[in-house]
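Visitor: attaching a predicted model along with its sequence, questions to come.
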Amino acid sequence: MNRSILCQRFIQNSHKEIIFGTQNGYCIYSTGPFAKICEEDLGGGVGIIDINKNKKCVYIVGGGIKPCYPPNLLIIRDYADKNILQQIYFKDLIKSICARDDLIAVCTEKKVFIYDSET
């Protein structure tokens with residue numbers, strides 16, 4: 001994967017994983033010991049990314065020069081099986097996402113949406 005342009009980086013609160021959104025996809029690293037967990041080429045850029053290690057999911061919004069997904073679409077992917085679990089469309093551009101084991105918060109230009117990730 002060409003990682004010459006870094007679009008986004010996220011360090012999990014526990015500081016055990018670092019996830020990078022790149023111009024072609026994303027990669028996840030463990031910090032102790034430092035090792036690559038996963039890398040996926042999505043064919044376009046990732047602008048916003050978050051991870052839920054316990055559920056083995058990443059939350060992705062496209063970005064960069066050639067986005068992999070529209071900037072108003074949240075993709076929830078299983079990074080172990082590399083398949084899409086859920087797609088959520090919004091009227092406005094997504095500005096930020098924050099995921100925990102039980103909640104997903106999505107901030108758009110005009111509203112904040114909070115979802116129960118258990119259901």
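Guide: That came through fine. Numbering: from 1, shown residues only.

Visitor: so, low pLDDT: which residues of the protein?
Guide: Applying pLDDT under 70 to the chain flags residues 1-15, 119.

Visitor: how about stretch 77-96: buried residues?
Guide: 77, 79, 90, 94 (16 or more other CB atoms under 10 Å). Heads up, the C-betas are built off the backbone N, CA and C, glycines and all.

Visitor: ok, which pair from those residues is furthest apart?
Guide: 79 and 90 (22.4 Å; CB to CB).

Visitor: list the contacts for the most centrally placed residue in the chain?
Guide: The centroid of the chain falls nearest to residue 49 when counting by CA atoms, centre = their mean (2.6 Å). Going by CB atoms under 8 Å, 6 or more residues apart in numbering, residue 49 touches 8, 10, 19-21, 26, 58-61.

Visitor: count the residues that sit near residue 35.
Guide: Counted with other CB atoms under 10 Å, the neighbours of residue 35 add up to 8.

Visitor: apart from its chain neighbours, what residue comes closest to it?
Guide: Spatial nearest neighbour of residue 35, excluding adjacent residues (CB to CB, 6 or more residues apart in numbering): residue 29 at 6.8 Å.
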